[in-house]
Each structure stands twice: as C-alpha cells, then as structure tokens.
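Chemist: when you get a sec, could you give me coordinates for this:
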Amino acid sequence: MTQAAIIGGKLQGTEAVYLAKKAGIRSILIDCDQEPPAKGLADEFLCCDVLQETKELLDALKKADFILPAMENQDVLNTLEKLSLEHHFKLAFDMNAYRISSSKLLSDQLIHSNGISAPQYFPDCKSPYIVKPSSFSGSAGVKRIQTKSEMEEFLISLQPGESWVAQEYLEGPSYSIEIIGKPEYYRTYEVTEIHIDKTYDCCKVTAPCAISEVQRKGFQEMAVNLAGLVGLTGIMDLEVIDDEGVFKVLEIDARIPSQTPTVVYHVTGMNLLEEIRDLFCYGSFQTVFGKQKKYVSYEHLQMKNGTVSEHGEHIMGEARPLTLRENFFGACEVISDYISDENPWRGTFINWADTEEELAEKRAGMRRLLAESVKNAVKAL
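Modeler: Next up is the predicted model:
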C-alpha cells in the first residue's frame with residue numbers, strides 16, 4: 001500500500017487525508033498541534049515540530065512513498081525541502097512555483113505582463129475596491145473599500161514594509177480549476193463554482209458549473225498557460241471571476257487546495273491525491289478519465305444555540321478532530337466534530353446526485369433534519 005506523509009492537519013491537511021482514504025493511500029499525518037482537525041481522519045498521527053528534525057520525524061518520513069505539504073509555513077517548507085534533498089525523499093511540492101503564487105505581487109505581475117485577463121490595479125480602475133495582503137492566500141486579510149478617498153487613507157495608514165494589492169472589486173460568479181503535471185505534460189480537472197460569504201471566505205462549492213463550452217476550454221487553456229509560465233511540477237489551482245462573460249484571474253496557488261478537490265472527486269471520480277502520487281512516484285499519470293458526472297454540493301454548517309448557520313471554511317480549521325460519517329442527517333457524507341445533539345458542532349456536508357433537481361431535494365431534506373435536531377436539542381436542555 002502506498003503511504004503519504006501529510007504535513008499539516010488543518011484545512012489542506014483535512015482535504016489530503018480525506019482523498020487519501022478514498023484512494024486507498026495510507027496517511028501519516030504530522031502536525032505540531034496535538035489535536036488538529038484532520039487527526040480523526042488519518043491512519044497514523046505524529047505530533048512533532050518539523051523544524052526540530054527529530055529521529056521520530058525522520059522515521060515517519062522514511063516510511064512514506066511521498067511527502068505532501070498541506071500548509072503554508074515557509075520555514076517548514078524550507079526544512080522539508082532540505083530533508084528531502086539530504087534523504088532523497090519524494091517531496092510532492094514545487095517550491096519555485098509556490099514562491100511565485102504565494103506572493104500576490106509576483107503572481108499578478110506574471111499575469112498582467114503576459115496579457116492574461118485580471119482585475120485592474122488602483123488607481124487605474126473604478127470603485128469599489130478590494131485589497132489583500134500580498135503574502136496571504138485565500139480570503140485571509142481581504143477587505144472591501146468603497147471610495148477612492150477611503151482607499152487613499154488606507155494606503156497612507158500602512159506600516160513600512162507592509163505589502164498589499166489593491167484592485168477593482170468585481171461582481172460575478174467565481175470559478176476554480178486544478179491543474180497537475182510537469183512542463184509539457186499537464187492535466188486539468190472539473191471546473192467548480194466558489195460561493196463566497198460576506199467575509200470573502202468560501203462557504204460552499206458546487207459543480208458542474210453553468211458555463212459555456214467556450215468558457216470551459218478557455219479556462220483550461222489559461223490554466224495550462226499559467227502552469228507553463230511558472231514551470232509547475234506539481235499541483236496548482238486557479239481562481240477566476242466571471243466579469244460579464246470574461247474570466248479574470250483572481251489568484252493562483254501552487255499547493256494542494258482545500259474543498260475543491262473533494263468536489264472534483266465526487267463529480268468525476270478523479271482523485272487529485274492519486275494524480276499527485278502518480279506524478280511524483282511514477283512520473284506519469286496512471287488513471288484514465290472516466291465518464292462519471294454527478295451534481296455535487298459541499299458546504300460548511302454550524303449547529304449551535306438552536307440554529308443551523310452557514311459559514312466559511314474557517315470554522316472547520318477551528319474544529320475538534322474530525323470524523324467522516326456516511327448518510328448522516330440525510331447527507332451523503334459529513335466531515336464533522338459531532339459528539340452529540342446536545343453539543344454545538346460544525347460539519348462539512350457533502351451531497352451528490354444524478355440530477356440538479358435530485359441534489360436540491362437531498363439538500364432540502366438534510367436541512368430539515370438538522371433544523372429538527374437542533375430544535376430538539378434546545379428543548380432537552
């Protein structure tokens with residue numbers, strides 16, 4: 001059995017361990033936190049600080065067929081790269097591509113200089129605006145600013161050394177696509193729709209998406225183009241916003257993402273962890289694309305104080321160790337820190353069906369069961 005050492009047990013780690021389970025890959029989860037969310041899903045768990053380079057850590061890494069970083073701590077990434085060179089470990093990560101994608105300034109420069117559609121920079125754009133720290137990924141630190149004067153005040157308030165990207169704020173649906181491979185040898189996967197909450201955090205992912213075939217092919221070509229520009233060997237995801245029919249790049253991230261790979265898996269049957277394994281262990285893809293096509297939803301809910309509420313994925317990063325349950329509260333699968341109906345809990349609810357209508361019915365039934373559960377839990381107190 002293939003074994004994967006997955007470094008980091010929060011959102012990306014949970015994604016990787018979940019996909020490992022589906023692929024029949026034995027997961028060795030490593031995290032410095034004693035109770036990370038992904039711990040309950042892993043086959044083996046080691047609590048240690050990678051930076052200490054202990055014998056226990058090295059023994060665990062030696063058992064693995066490949067190492068997958070599932071976090072974005074630069075010191076940890078540097079240590080893993082050093083250990084991999086010293087001990088000939090297979091590190092499933094592209095440090096140079098990540099260096100570019102983890103800096104919004106570097107990645108935006110790459111995108112704009114190659115004529116790829118993207119939001120325009122302040123001040124050469126109309127209000128409102130969106131600002132984000134250059135070195136954070138996802139929704140971390142993102143702010144919306146309404147007017148030009150407010151933007152100017154914000155920029156003046158920045159401390160020396162702070163680096164931010166300020167762009168036009170665009171309305172429209174957001175989509176994501178993953179690409180895996182090496183130069184001249186890339187695969188792209190199912191396009192997913194990213195649903196954003198009021199804090200700009202992803203609260204739900206769905207697929208397939210209501211986009212045209214022209215848009216789909218253009219998106220795939222854009223991903224291949226960007227992968228080639230960063231010289232990618234590994235995995236990268238690309239997020240865009242549909243601005244009146246034109247896909248404009250919001251960001252690229254050369255690391256395993258959270259959320260979308262699970263949706264890709266249930267829509268098409270393609271397991272991106274298997275694809276990463278094949279690339280780094282065998283040098284080529286072993287899986288043939290199948291014809292499976294399901295309608296899938298993936299969403300984060302919290303059950304607390306008699307209510308069911310929708311949240312961004314950050315709530316799962318704050319969870320107790322998670323477990324995977326099937327046919328739970330009417331959902332196909334639930335990844336949650338559920339203990340009992342009497343305790344507040346949160347979960348990622350994954351549903352799939354053969355048609356969009358069947359999926360909507362399944363989700364509606366799930367929400368009814370959850371609402372009844374939290375109502376009864378309050379009555380029991």
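
Chemist: check contacts around the closest residue in space to G231 that isn't next to it in sequence.
Modeler: Distance criterion CB to CB, 6 or more residues apart in numbering; nearest residue to G231, sequence neighbours excluded, is P183 at 6.1 Å. (Glycine included, C-beta is placed from N, CA and C.) Applying CB atoms under 8 Å, 6 or more residues apart in numbering, one finds that P183 lies in contact with 228, 231-233.

Chemist: check G13 too.
Modeler: Taking CB under 8 Å, 6+ apart, we find G13 in contact with 6-7, 29, 31, 36-38, 70-71.

Chemist: what of L46?
Modeler: Residues touching L46, when contacts are defined by CB under 8 Å, 6+ apart, comprise 28-31, 56-57, 60.

Chemist: export those as CSV, with columns for distance to S101, neighbour count and secondary structure.
Modeler: As requested, the contacts of L46 are arranged in CSV below (distance: CB to CB, whole Å; neighbours: other CB atoms under 10 Å; DSSP: H, G, I helix; E, B strand; the rest coil):
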residue, distance to S101, neighbour count, secondary structure
I28, 26, 21, strand
L29, 24, 28, strand
I30, 23, 28, strand
D31, 23, 25, strand
E56, 32, 12, helix
L57, 27, 20, helix
A60, 28, 20, helix
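
Chemist: quick one: which of those residues is nearest L322?
Modeler: Each of the contacts of L46 was scored against L322 by CB to CB, and L29 proved nearest at 11.5 Å.

Chemist: give the burial count for the residue nearest to that closest one when sequence neighbours are not counted, as a bare number.
Modeler: Distances taken as CB to CB, 6+ apart put A42 closest to L29, at 3.7 Å, once the chain neighbours are dropped. Number of residues near A42 (other CB atoms under 10 Å) recorded here: 25.

Chemist: distance of A42 from G8?
Modeler: Taking CB to CB, to the nearest Å as the measure, A42 falls 11 Å from G8.

Chemist: by neighbours, which of the contacts of P183 wins?
Modeler: Neighbour counts for the contacts of P183 were taken using other CB under 10 Å; the highest belongs to L232, with 26 neighbours.

Chemist: ok, that residue touching K182?
Modeler: Yes. Counting by CB atoms under 8 Å, L232 touches K182, with 7.2 Å between them.

Chemist: for the longest helix that the chain contains, name the packing helices and strands.
Modeler: Longest helix in the chain by number of residues, with DSSP state H as the criterion: helix 356-380. Under the contact criterion of 3 or more CB pairs under 8 Å, 6 or more residues apart in numbering; DSSP states H and E, the helices and strands touching helix 356-380 comprise strand 295-304, strand 307-310, strand 331-336, strand 345-353.

Chemist: between it and strand 331-336, how many degrees?
Modeler: Interaxial angle of helix 356-380 relative to strand 331-336 (axes from the mean of the first three to the mean of the last three CA atoms, to 10 degrees): 50 degrees.

Chemist: show me how far helix 356-380 is from its chain's centre.
Modeler: Helix 356-380 has its C-alpha centroid displaced from the chain centroid by 26 Å (CA atoms, centre = their mean, to the nearest Å).

Chemist: for it, buried residues please.
Modeler: Of the residues in helix 356-380, those scored as buried under the neighbour-count criterion (16 or more other CB atoms under 10 Å) are 359, 362-363, 366-367, 370, 374, 377.

Chemist: for stretch 152-167, measure first residue to last.
Modeler: Chord length of stretch 152-167, first to last residue, is 13 Å (CA to CA, to the nearest Å).

Chemist: count of residues packed around S297?
Modeler: Residue crowding around S297 was assessed by other CB under 10 Å; the count is 25.

Chemist: tell me what it is bridged to.
Modeler: Applying DSSP bridges to S297 yields these beta-bridge partners: T206, N351.

Chemist: list the contacts of it.
Modeler: Contacts for S297 (CB under 8 Å, 6+ apart) come out as 204-206, 349-352, 359, 363.

Chemist: for the stretch 1-150 of the chain, just list every one of the helices.
Modeler: 11-23, 55-63, 74-87, 95-101, 104-113, 148-157 (DSSP state H, counting those that start in this stretch).

Chemist: rewinding a little: quick one: which two of the contacts of P183 are the most distant?
Modeler: Using CB to CB, the two most remote members of the contacts of P183 are G228 and T233, lying 11.2 Å apart.

Chemist: residue nearest the centroid of the protein?
Modeler: For the chain, the residue whose C-alpha lies nearest the mean C-alpha position (CA atoms, centre = their mean) is S258; its distance is 2.2 Å.

Chemist: on that earlier part again, just put the contacts of G13 in TSV and tack on distance to V224 and pLDDT.
Modeler: Putting the contacts of G13 into TSV (distance: CB to CB, whole Å; pLDDT from 0 to 100) gives the following:
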residue	distance to V224	pLDDT
I6	27	98
I7	28	98
L29	32	98
D31	34	98
P36	34	98
P37	33	98
A38	31	98
A70	24	98
M71	27	96
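
Chemist: filter those down to the ones in strands?
Modeler: With DSSP state E as the criterion, strands contain 6-7, 29, 31 from among the contacts of G13.
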